[in-house]
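**Student:** All I have is the shape, not the residue letters:
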């Protein structure tokens with residue numbers, strides 16, 4: 001990975017085998033969304049449009065073409081690129097084919113010992129039930145830190161000390177994921193959140209589990225994006241958990 005920053009992204013894009021064309025794309029306060037005639041895909045919206053986009057517009061492109069925008073340094077475009085990839089990967093049919101659907105009661109750390117472990121959380125997430133009571137230490141690292149969070153500049157210092165690291169899927173959009181994985185070489189790494197693509201190839205890059213959701217209720221997700229609704233979107237989806 002040190003020799004090819006975009007190797008993970010290229011593997012993600014290569015797996016998008018779809019000529020379905022994007023009919024609509026929109027970005028709200030929290031989420032980016034793309035829609036084809038068959039499926040929808042979402043990813044965390046990340047502000048940042050100082051760099052010229054790779055494409056004049058995403059609408060009309062095939063999902064595979066649009067997915068290549070996940071490599072864009074225009075982060076708003078990159079969010080749409082990841083959403084396009086997720087319109088291919090994160091479907092109920094794909095979850096069923098891989099047999100990785102789980103109930104809302106199954107956490108992405110299911111089966112992993114938390115007691116006396118040092119845990120890093122990238123992004124302001126609660127983590128699994130009982131984590132803070134069982135773990136030796138929990139470090140939350142956040143680009144916009146809230147009370148008790150470490151700034152993300154502490155990643156280089158803290159992550160090599162961790163046994164388990166939970167990483168938000170939005171790290172794919174802002175391009176921090178490759179370096180985070182370098183820092184977590186000795187840790188169990190779980191990539192989690194609605195932005196995470198159900199792409200088995202990701203497990204070849206130092207990720208041990210991927211946990212996200214396939215969109216099941218397209219109308220509900222569109223409403224959430226349009227209205228900037230807060231809270232978890234999982235009620236409109238099917239949770240999945242893929243293990244190495």
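**Tutor:** The structure has been received and is ready for your questions. Not measured: the values here are computed from a predicted model.

**Student:** drop to CA atoms for contacts and neighbour counts, all remaining ones
**Tutor:** Noted.

**Student:** which stretches of this structure aren't confidently modelled?
**Tutor:** 1-3 (pLDDT under 70).

**Student:** measure the residue nearest to the spatial centre of the chain to residue 134 for me?
**Tutor:** Here the mean C-alpha position of the chain is nearest to the C-alpha of residue 169 (Cα atoms, centre = their mean), at a distance of 2.1 Å. To residue 134, residue 169 is 25 Å away according to Cα to Cα, to the nearest Å.

**Student:** Helix or strand next in line after the longest helix belonging to the chain, which one?
**Tutor:** Using DSSP state H to define each element, the chain has its longest helix at helix 75-89. Counting by DSSP states H and E, the next helix or strand C-terminal to helix 75-89 is helix 92-98.

**Student:** and the next element down the chain from that next one?
**Tutor:** Downstream of helix 92-98, the next assigned helix or strand under DSSP H and E is strand 118-122.

**Student:** which other helices and strands contact that following strand?
**Tutor:** Where contact means 3 or more Cα pairs under 8 Å, 6 or more residues apart in numbering; DSSP states H and E, strand 118-122 is packed against strand 137-142, strand 164-168.

**Student:** so which of the ones you listed is the most packed in?
**Tutor:** Mean neighbour count (mean count of other Cα atoms under 10 Å) peaks for strand 164-168 among these, with a mean of 24.

**Student:** Tell me, how many residues neighbour the nearest residue to residue 95 once chain neighbours are set aside?
**Tutor:** Once flanking residues are discounted, residue 95 sits nearest to residue 101: 5.7 Å by Cα to Cα, 6 or more residues apart in numbering. The local packing of residue 101 (other Cα atoms under 10 Å) involves 21 other residues.
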